[in-house]
Structure formats: structure tokens, C-alpha cells
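Visitor: Starting from these lines, generate the structure:
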Amino acid sequence: MPTTPVTTANSSSNGTQETIMLELVDENGNTIGTAEKLSAHQPPGRLHRAFSVFLFDQRGRLLIQRRALGKYHSPGVWSNTCCGHPYPGEAPFAAAARRTHEELGISPSLLAEAGTVRYNHPDPGSGLVEQEYNHLFVGLARSPLAPDPDEVGETAFVTPAELAARHAEGPFSAWFMTVLDAARPAVRELTGAAGGW
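Guide: Numbering: from 1, shown residues only. The predicted structure follows:
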């Protein structure tokens, strides 16, 4: 059977159907309900809670990942260290730590909140829409990576100049620059002037 966005989003590795629910929020980030993950991303999109993680090594380089080709949303593009959605009722901090371990096989060190950002980004490739109230986190990656190949196609630690060169060559996730720009004050505090962020 050919893979479609619907079956990819709702099929687990053992072939059973699973429904992933997201937490819907208002413009102030207050919970107002839940929705199934794929339906929340169908145009025009429904505002939901999300998180984005930015981890750095001891040299101040940012860990980025290329999303696996099997992902139903934004496959094969570069993005921040980790991003995702808390389960309904799950604290964003706990979700960020959990998902970073699931995707990359590491537990972040000194993970700290870095604010929130709200955006609306259509994804031209998939036709899906990111209407997100995104909680930002920064921290350090101090352990060897063990990426899950179903989630992550490739990883790289990059300096600001290397990131700019990669970004110019493309493609990156539609939300990447929005979340990075919003997290920059906390990134600079974490990495110091030497990081150049």
C-alpha cells in the first residue's frame, strides 16, 4: 500500500493505528481543547502548543538535524535540534526533554526556558500549516548522539557562519528562522560572546 500523509501520521512501527492528540490554545497560550495532530495542521491550521529545542556543544556550535525522509511533515529538510508537541496536559519542558531523548538519544544538559513565539507558517511542500504557540528551550549537548533513523536523517554541529551557508543552500523547515530568532537572546546568554549568535 502506498504511504500517504494520513497513514504515515497515524501508523506506528508495529502497524497498529495510533491517534496523537495536540493541545489547542488561545492567543495567550491558555489551553482551550484538543485536536488530532494531522487535523490541527490541515489548512488553515488550528493554534496549538509546540516546543523547539536548541542544543549547543562546548564550542558554542548549534546542533541541527535533517528530518527523516519518512516524516509526513517537512521530510528531508534541516531544522533546529528538536521540535514537537507536548501531549495534552504535559509540561512543555518535560515534552522537550522527552522528545530530544527519543529523537537523538541524549538528555539535554542545563535545559532552560527561552520564551515563547507564536507563528503561522504554511509548508509549501506538504500543504500543511503550522499555527503554533511555541515554547523555546536552550541547553547543551554533552553526550554522544544516537539518532533514531525514523526521525532523524542527519545531524550537524554548526557555527553561525556555517548555518548561514547551509540556510542559503536550503532547504530548511518553514519555522526554523522564526524560532531561532525568538530564541537568540537566551542563546547568546548560554553561549556567550564567543558563540557569535
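Visitor: mind listing what the nearest residue to P124 once chain neighbours are set aside touches?
Guide: Among residues not flanking P124 along the chain, A174 sits closest, at 7.7 Å (Cβ to Cβ, 6 or more residues apart in numbering). C-beta: built from backbone N, CA, C; applies to glycine. By Cβ atoms under 8 Å, 6 or more residues apart in numbering, the residues touching A174 are S74, H121, P122, D123, P124, E130.
Visitor: In PyMOL, how would I select the buried members of these?
Guide: In PyMOL, a selection of the buried entries from the contacts of A174 looks like this (16 or more other Cβ atoms under 10 Å):
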select buried, resi 74+121+123+130
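Visitor: Pass me the low-pLDDT residue ranges in this structure, would you?
Guide: Within the chain, the stretches with pLDDT under 70 are 1-18, 193-194.
Visitor: distance of the residue nearest to P124 from P86?
Guide: For A174, the distance to P86 equals 20 Å [Cβ to Cβ, to the nearest Å].
Visitor: Report how many residues lie close to I20.
Guide: I20 has 13 neighbours, counted by other Cβ atoms under 10 Å.
Visitor: That one touches S39, doesn't it?
Guide: No - judged on Cβ atoms under 8 Å, I20 makes no contact with S39 at a distance of 10.5 Å.
Visitor: what comes up buried for stretch 56-68?
Guide: Residues F56, G60, R61, L62, L63, I64, Q65, R66, R67, A68 are the ones in stretch 56-68 that count as buried (16+ other Cβ under 10 Å).
Visitor: pretty sure the fourth one is touching F54, no?
Guide: It stands for L62. Yes - using Cβ under 8 Å, L62 and F54 qualify as a contacting pair, with a distance of 6.2 Å.
Visitor: Spit out the residues that contact these two alike.
Guide: Applying Cβ under 8 Å, 6+ apart, one finds that L62 and F54 are jointly contacted by N80, T81, V187.
Visitor: quick one: which of those has the most company?
Guide: T81 leads those on contacts (other Cβ under 10 Å) with 25 neighbours.
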